[in-house]
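Asks: Need a 3D model of the following:
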Amino acid sequence: MVQHSAPLALLAHPYDRLRPLEPRTTAIRALRLHAGSAVVWCMGAATEPGLGRVIKSRPGGLALLVILPPDADLMASSGLSMELHQLRPQGILPFHSTPSASELSQVLRRPPGDLAGEVTDYLRWRGLGIDRDTIHLIRRILDLSAELRSISSVSRGMYVSRRALGRRLTTRGLPVPSHWLQMGRLLRVAARLQNSDATVSSVAFEHGYPDGFSLSNQMERLIGHRPSEVRLRLGWEWLVESWLRREAESGRLTCCTVLSDNDEAQPVAMSRPSRAPRRRGSSSQGSHA
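Replies: As a prediction, this is how the structure comes out:
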């Protein structure tokens with residue numbers, strides 16, 4: 001449990017306790033690649049100055065959960081409402097003097113209400129300078145991923161040719177449309193895995209995959225994690241971050257920069273060492289538009 005004397009805490013797998021965090025930028029940035037974790041901000045009556053700036057420096061993939069102060073008037077008088085909006089919390093909870101890890105983990109595993117909107121908001125927060133029209137295309141692909149399985153079907157649903165859709169994204173240094181589609185599908189799979197006891201095979205079938213083996217291979221190839229790990233490590237921001245890093249490492253995300261783990265913006269590909277090159281003759285399945 002976290003008292004107000006420790007305003008920041010880490011909620012991490014196996015989600016059995018909250019670990020106090022030092023309210024320093026270096027401590028927050030040290031949590032990079034901490035899959036399925038969240039910073040918990042307990043906003044007491046005396047909010048420490050500059051704490052929002054420390055939280056803003058958190059690395060990509062690390063979610064934020066906020067517990068409001070006991071005095072609601074504090075939010076209005078101190079301008080904290082605007083600051084919270086800029087910090088992109090995944091969940092905002094009413095005041096509780098002794099928040100529990102189990103209750104907070106339920107918030108962390110909760111599926112996004114508007115998956116497409118929240119994912120594109122995340123992309124902007126990470127520093128991807130995408131123009132408004134392209135953001136609209138990405139949102140549309142993610143929306144259609146709830147029902148459609150192929151980029152040809154998506155193109156028809158968007159009244160644009162498959163070639164034109166692919167060119168619109170790749171000429172801007174963004175991943176091909178099929179990868180946005182599959183990422184959207186996998187985020188929906190992850191939400192189902194984290195919020196039910198259904199088997200991987202049944203979840204795969206529900207979401208249009210022929211079997212659990214195909215789903216597992218697709219997830220590992222695009223995100224770098226298997227369904228068993230995705231089920232245990234809660235939330236969705238770390239999955240998007242893992243996908244962005246993989247796309248950058250393979251050269252499919254080239255033009256955009258994101259907030260790095262130091263003070264300067266760097267290409268996302270520089271955030272993690274590249275994987276070993278593939279053997280000659282190997283192929284990257286599903287990398288076409």
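
Asks: if I look at residue 124, how far off is residue 134?
Replies: 12 Å (Cβ to Cβ, to the nearest Å). From N, CA and C alone the C-beta is placed, and that goes for glycine too.

Asks: Looking at the two, which is more packed in?
Replies: More neighbours surround residue 134 than the other of residue 124 and residue 134, with 17 against 12 (other Cβ atoms under 10 Å).

Asks: Over to that one: give its phi and psi.
Replies: Dihedral angles of residue 134 (phi, psi; degrees, to the nearest 10) stand at phi -70, psi -40.

Asks: Please pull out the lowest mean pLDDT helix or strand from this protein.
Replies: Within the chain, no helix or strand scores below strand 266-267, which has a mean of 40 by mean pLDDT, DSSP states H and E.

Asks: Do you know the pLDDT at the closest residue to residue 161 other than its chain neighbours?
Replies: Distance criterion Cβ to Cβ, 6 or more residues apart in numbering; nearest residue to residue 161, sequence neighbours excluded, is residue 155 at 6.2 Å. The per-residue pLDDT reported for residue 155 equals 96.

Asks: Below-threshold pLDDT in the stretch 151-289 of the chain: ranges please.
Replies: 255-289 (pLDDT under 70).

Asks: Which stretches in it count as helices?
Replies: With helices called from DSSP state H, counting those that start in this stretch, the stretch 151-289 of the chain shows them at 151-158, 162-170, 177-194, 200-206, 212-222, 227-232, 237-249.

Asks: okay if I get these as JSON lines plus mean neighbour count and distance to residue 70?
Replies: Below are the helices of the stretch 151-289 of the chain laid out as JSON lines (neighbours: other Cβ atoms under 10 Å; distance: least, Cβ to Cβ, whole Å):
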{"stretch": "helix 151-158", "mean neighbour count": "18", "distance to residue 70": "48"}
{"stretch": "helix 162-170", "mean neighbour count": "16", "distance to residue 70": "47"}
{"stretch": "helix 177-194", "mean neighbour count": "22", "distance to residue 70": "31"}
{"stretch": "helix 200-206", "mean neighbour count": "18", "distance to residue 70": "41"}
{"stretch": "helix 212-222", "mean neighbour count": "17", "distance to residue 70": "42"}
{"stretch": "helix 227-232", "mean neighbour count": "18", "distance to residue 70": "34"}
{"stretch": "helix 237-249", "mean neighbour count": "22", "distance to residue 70": "28"}
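
Asks: Which of these sits closest to residue 145?
Replies: helix 177-194 (3.0 Å; Cβ to Cβ).

Asks: so how far is the closest one off the chain centroid?
Replies: From the chain centre to the centre of helix 177-194 is a distance of 11 Å (Cα atoms, centre = their mean, to the nearest Å).

Asks: what packs against that helix?
Replies: Applying 3 or more Cβ pairs under 8 Å, 6 or more residues apart in numbering; DSSP states H and E, we find helix 177-194 packed against helix 115-125, helix 132-144, helix 151-158, helix 162-170, helix 200-206, helix 212-222, helix 227-232, helix 237-249.

Asks: Quick test: name the residue nearest the centre of the chain.
Replies: Residue closest to the mean C-alpha point of the chain, counted by Cα atoms, centre = their mean, is residue 237 at 1.6 Å.
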